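Participant: got a predicted structure plus its sequence, pasted below:
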Amino acid sequence: MAGQRRVRIGIDTGGTFTDVVALDEDTGALWATKTPSTPADPSAGFMDGVAKALDLLGPGTAVTALSHGTTVATNLLLEGATGPLGFITTEGYEFILEIARQAVPDGYGNSYFWVKPERIVPADLVRTVGGRLDHTGAEIRPLDEKQAAEAARWFRDRGIDTIGVCLLHSYADPAHEVRLREILRAEHPAATVSISSDVLREYREYERSMTTLVDAAVKPGVARYIGGIAERLEEAALGPGGGRPPFLVMKSNGGVLSAEEVVNQPISTVMSGPAAGALGAALLAGRAGYDRVLTLDGGGTSTDVSVVLDGEPGLTTEGSVGRHPSKIPMIDVVTVGAGGGSIARVSPEGALKVGPASAGADPGPVCYGKGGAEPTVTDA
């Protein structure tokens, strides 16, 4: 439409606030605003931010694209709010998560003083199935489909609706995992399933298992969130022709993915918000003449740190979110569960601990006057 202002909108949803920036494609003018996040339904806060930006811009504005950085997946993991999770692996490997890498964190010295953290899936929610491939993908024993069906029904009967699957050497041939997923869909249709050959087709069974389980853990929450936004954008008809504008989500490696694909690859967004922050900091520092920078991105729920060298944030496939290793390509960001809304407490030993639980946006810190009753970093 002639005379219609065309803007691109970027939205960063955090645990406490949702930040919005609008760019006029013709003039390069920028507008920025923010609105409280809505933890009960983060898509509502997203749309509140869009509406607030469009109010600033006035009538006759068409949105040509929406780009989104989000910490929804990050916060689900940091706060342990992912719900019960099941794990299916090859017979004889049921303790792969318990054994892990047997690494004791720095600072503990003698492992006698270190207590293993809880595993992402407790041992009593791990099931195994017979069948075996060798490292080339050649079948040594066929998949035991009877055991697979029994495992599916076992999870169904216990109400475990989110399941990760990692079978030995499936990076070489995914056939057993694909068949197991088909059996899960037939026996437990309500289940959300992630298979390792889709998520991370690389050897090293522990890292592959963990990455697959992180993908499964965040999949229901991310699917609800992105699906809710897509529906609202469809109804709002903000595009130049009155349709839904292209909706892109920031990936952990600094690229973008369509909303439709994010639902199938939710783990690719676990560092979405932090990646966007590191890229933005690198750009601003470069324009100011600095190409070696330490970035610190403090939000409501987490604080993210990265290093920029030669104007670019580093990339890694050895990253983690909190205590969960995730072997996907991501901007090298260290995330800890300590942000402005992180709740302080005294441990049984009398030490001060902060996070990972957060007051978020609702009720928020005590000083917000919205009913918060626990002390946070912001209150301090």
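Facilitator: Structure received. Numbering: from 1, shown residues only.
Participant: hey, let's count contacts and neighbours off CA atoms from now on
Facilitator: OK.
Participant: who does the helix or strand hosting Ala22 touch, helix- and strand-wise?
Facilitator: Using DSSP states H and E, Ala22 sits in strand 17-24. In terms of contacts (3 or more C-alpha pairs under 8 Å, 6 or more residues apart in numbering; DSSP states H and E), strand 17-24 is packed against strand 5-13, strand 30-36, helix 42-57.
Participant: show residues contacting stretch 220-231.
Facilitator: Here stretch 220-231 makes contact (C-alpha atoms under 8 Å, 6 or more residues apart in numbering) with 41-44, 46-47, 72-73, 76, 82, 162, 192, 247, 259, 262-263, 266.
Participant: kindly export it (C-alpha atoms) in CSV.
Facilitator: Written as CSV, here are the backbone C-alpha positions of stretch 220-231 (Å, rounded to 0.1, in the frame of the first residue of the first chain):
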residue,chain,number,x,y,z
PRO,A,220,6.6,-29.3,24.7
GLY,A,221,7.2,-25.8,26.2
VAL,A,222,8.9,-24.4,23.1
ALA,A,223,6.2,-25.9,20.9
ARG,A,224,3.4,-24.3,23.0
TYR,A,225,5.2,-21.0,23.0
ILE,A,226,6.1,-20.7,19.4
GLY,A,227,2.7,-22.2,18.3
GLY,A,228,0.9,-19.7,20.5
ILE,A,229,2.8,-16.7,18.9
ALA,A,230,2.2,-18.0,15.4
GLU,A,231,-1.5,-18.3,16.0
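Participant: for it, which positions count as buried?
Facilitator: Pro220, Gly221, Val222, Ala223, Tyr225, Ile226, Gly227, Gly228, Ile229, Ala230 (16 or more other C-alpha atoms under 10 Å).
Participant: do the same with stretch 163-180
Facilitator: Those would be 163-178, 180, for stretch 163-180 by 16+ other C-alpha under 10 Å.
Participant: for stretch 71-90, same thing?
Facilitator: Neighbour-count burial for stretch 71-90 flags 71-79, 82, 85-90 (criterion: 16+ other C-alpha under 10 Å).
Participant: end-to-end on that stretch?
Facilitator: Stretch 71-90 has an end-to-end distance of 33 Å (criterion: C-alpha to C-alpha, to the nearest Å).
Participant: per-residue confidence averaged over it?
Facilitator: Throughout stretch 71-90, pLDDT has a mean value of 82.
Participant: so in the protein, where's the weakest helix or strand by average pLDDT?
Facilitator: strand 319-321 (a mean of 73; mean pLDDT, DSSP states H and E).
Participant: what strands line up against it, and which way round?
Facilitator: When pairs are called by DSSP bridges, strand 319-321 turns out to pair with strand 324-326 (antiparallel).
Participant: just checking, what packs against the following helix or strand past the strand it pairs with?
Facilitator: Next along the chain after strand 324-326, taking DSSP H and E as the criterion, comes strand 330-331. Other helices and strands packing on strand 330-331, by 3+ C-alpha pairs under 8 Å, 6+ apart, are helix 272-287, strand 315-316.
Participant: not counting strand 330-331 itself, show me its contacts.
Facilitator: So strand 330-331 is contacted by 251-254, 271, 275, 278, 313-317, 319 (C-alpha under 8 Å, 6+ apart).
Participant: switch the cut-off to 7 Å
Facilitator: Strand 330-331 has contacts (C-alpha atoms under 7 Å, 6 or more residues apart in numbering) with Ser252, Asn253, Gly254, Ala275, Pro313, Gly314, Leu315, Thr316, Thr317.
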